[in-house]
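> take a look and give me a structure for this.
(chains A, B, C and D)
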Number of protein chains: 2
Amino acid sequence: MASDEKLGRPTDEDLTRRILETAGRLLGEYGYAGLSVEKVAKAVGCGKTAIYRRYADKGALVAAVVRSQVELGATPDSGDVRADLLEHARQNQRNQELSPERVHGMRAMFEPDVFPALWEGFFKHRREQGIEIIDRAIARGELPADVHHDIILDTIAGLTLYRQSVKRIHIDERHYVDIIDALVTRPPRRLDGADETGQP
Amino acid sequence: MASDEKLGRPTDEDLTRRILETAGRLLGEYGYAGLSVEKVAKAVGCGKTAIYRRYADKGALVAAVVRSQVELGATPDSGDVRADLLEHARQNQRNQELSPERVHGMRAMFEPDVFPALWEGFFKHRREQGIEIIDRAIARGELPADVHHDIILDTIAGLTLYRQSVKRIHIDERHYVDIIDALVTRPPRRLDGADETGQP
DNA sequence: CACATACGAAACAGGTCGTATCGTATTGTT
DNA sequence: AACAATACGATACGACCTGTTTCGTATGTG
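Next up, the predicted model:
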């Protein structure tokens, strides 16, 4: 117990980085179905073994790719709910934006083998950040206590998702300001006390 | 020229229907990657030939499946923009809803081989219906002339997409009423005259 | 040194895609 | 009735992919 070091040859972390980078590039180029582990290995210049030792299957690899391209960031807390939600939306957009040719990469998150890992590793956490923003706004009296957290957050997230993944059009920040203004000015209300998180 | 009838044995339209139906069921069950043309043929009780004669490849088959499960409906025109947009949203939701286990089917529309056909065959047309609703509202004076059509429509469509495809949670119609009320009461404005349709 | 692990290369079985070929079935035309 | 044209089911095929396994080699620790 004197040492925490693992035995044997250590995993090459630089190789891990190159695998994720290359897989991300090929994913953006060919989409999930067109991505092959063999091509990734070839492009990286390593064996398939190295990839399958790190990720159980192709789905896990792609989930790791998307997760590596995405960041959570700190929960905005400026004291103004409009500013906080705008920053929240900015973070959404940054995560989905990345680069124009990575649309296939973002769409790949919908793969049955990819999505569950991303929900746990990302979406759930993003939702919790949004809930916090709104709860603080309620505490400050900026929003009524019976506001429907998820409808607000899903409206913002859905707009970004629809624009980036379906229409491939960037959203000008001022449009977010308009939408957030509308949502805060006439906030959607809860219908019953049932909590909802999605993805059962 | 006496006859418009085609020569030879006619295509079995009932077989076409069974192919689409079976492919839709298997798609919902296994997702795009897990769907195989051979399994579809096996389940239908026909040869692969029959499928490949109808659809150029797997992507075209799946596009046809999604397209067959979706309907356009008439453009709402009640004289009230809130009612029209609500009906528009209802149509969105109906199209994505279908049945709970068809989530994979809806998500399959994001496949690179599937999406282009659906954009031309469906999304574009849906957008045009929404534009018409808003234009009529402008003509009636319900919305300002410089309202941003696409931001309104994409907000509504994105909410549905995010809820159904990502969170798998049904939207109570009253939430649509709240969102539409917010959008119509404080409508997002155009920034410049540039038209946008997406999917270049 | 012994030990444990990562690595690259290669072979492998099983599945899939999309094509091609065969003989058969079903239609309209002559 | 014979024919042309097409759909159909069955089957085989080459190319590719997934994920596993085996081998020899490289790189670390005690």
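
> hey, let's count contacts and neighbours off CA atoms from now on
Will do.

> okay, now the closest residue to residue A:78 other than its chain neighbours: neighbour count?
In space, and not counting its chain neighbours, residue A:78 is closest to residue A:84: 6.2 Å by Cα to Cα, 6 or more residues apart in numbering or on different chains. Neighbours of residue A:84 under the rule other Cα atoms under 10 Å in any protein chain shown: 20.

> moving C-terminal of the helix or strand harbouring residue A:84, what's the next helix or strand?
Element membership for residue A:84 (DSSP states H and E) is helix A:81-97. As assigned by DSSP H and E, the chain's next helix or strand after helix A:81-97 is helix A:103-107.

> now for that next one, which elements pack on it?
Packing partners of helix A:103-107 (3 or more Cα pairs under 8 Å, 6 or more residues apart in numbering or on different chains; DSSP states H and E): helix A:13-34.

> which residues touch the helix it packs on?
Helix A:13-34 has contacts (Cα atoms under 8 Å, 6 or more residues apart in numbering or on different chains) with A:35, A:40-41, A:43-44, A:51, A:61-62, A:64-66, A:68, A:101-105, A:108, A:111, B:33, B:111-112.

> ChimeraX command to pick out the buried ones of the residues you listed?
Buried residues among the contacts of helix A:13-34 (16 or more other Cα atoms under 10 Å in any protein chain shown), as a ChimeraX selection:
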select /A:35,40,41,44,51,61,62,64,65,66,102,103,104,105,108,111 /B:111,112
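
> up against DNA strand D, what does chain A have?
Within chain A, the positions near DNA strand D by Cα under 7 Å from any atom of the strand are A:2-3, A:5-10, A:34-39, A:48-49, A:52, A:56-59.

> which parts of chain A sit against chain B?
For chain A, the residues in contact with chain B (Cα under 8 Å from any Cα of the partner chain) are A:30-33, A:104, A:107-108, A:110-112, A:151, A:154-163, A:166-169, A:175, A:178-179, A:181-183, A:185-189, A:197-199.

> how does it look with 7 Å?
Residues of chain A lying near chain B by Cα under 7 Å from any Cα of the partner chain: A:31, A:33, A:104, A:107, A:110, A:112, A:154-155, A:158-159, A:161-162, A:167-169, A:175, A:178-179, A:182-183, A:186, A:188, A:198-199.

> neighbours around the residue of chain A at minimum distance from DNA strand C, how many?
For chain A, the residue closest to DNA strand C is residue A:8, as judged by Cα to the nearest atom of the strand, at 2.9 Å. Using other Cα under 10 Å, the number of residues around residue A:8 comes to 6.

> that one: helix or strand, and which one exactly?
Residue A:8 is part of no helix or strand when elements are defined by DSSP H and E.

> which ones are touching it?
By Cα atoms under 7 Å, 6 or more residues apart in numbering or on different chains, residue A:8 lies in contact with nothing.

> so what's it scoring on pLDDT?
Per-residue pLDDT puts residue A:8 at 91.

> gap between it and residue A:146?
As defined by Cα to Cα, to the nearest Å, residue A:8 lies at a distance of 57 Å from residue A:146.

> which stretches of chain A form helices?
Taking DSSP state H as the test, the helices found in chain A are A:13-34, A:37-44, A:48-54, A:58-69, A:81-97, A:103-107, A:115-118, A:124-140, A:149-161, A:173-185.

> between those, which gets the lowest average pLDDT?
Note on the helices of chain A: lowest mean pLDDT is at helix A:103-107, with a mean of 77.

> and the contacts of that helix?
Identification of contacts with helix A:103-107 by Cα under 7 Å, 6+ apart yields A:27-28, A:31, A:96, A:165, B:110, B:112.

> change it to 6 Å
With contact meaning Cα atoms under 6 Å, 6 or more residues apart in numbering or on different chains, helix A:103-107 is reached by A:27-28, A:31, B:110.

> and the residue nearest to residue A:178 when sequence neighbours are not counted, its phi and psi?
Among residues not flanking residue A:178 along the chain, residue B:188 sits closest, at 5.2 Å (Cα to Cα, 6+ apart). Dihedral pair for residue B:188: phi -70, psi 140, per degrees, to the nearest 10.
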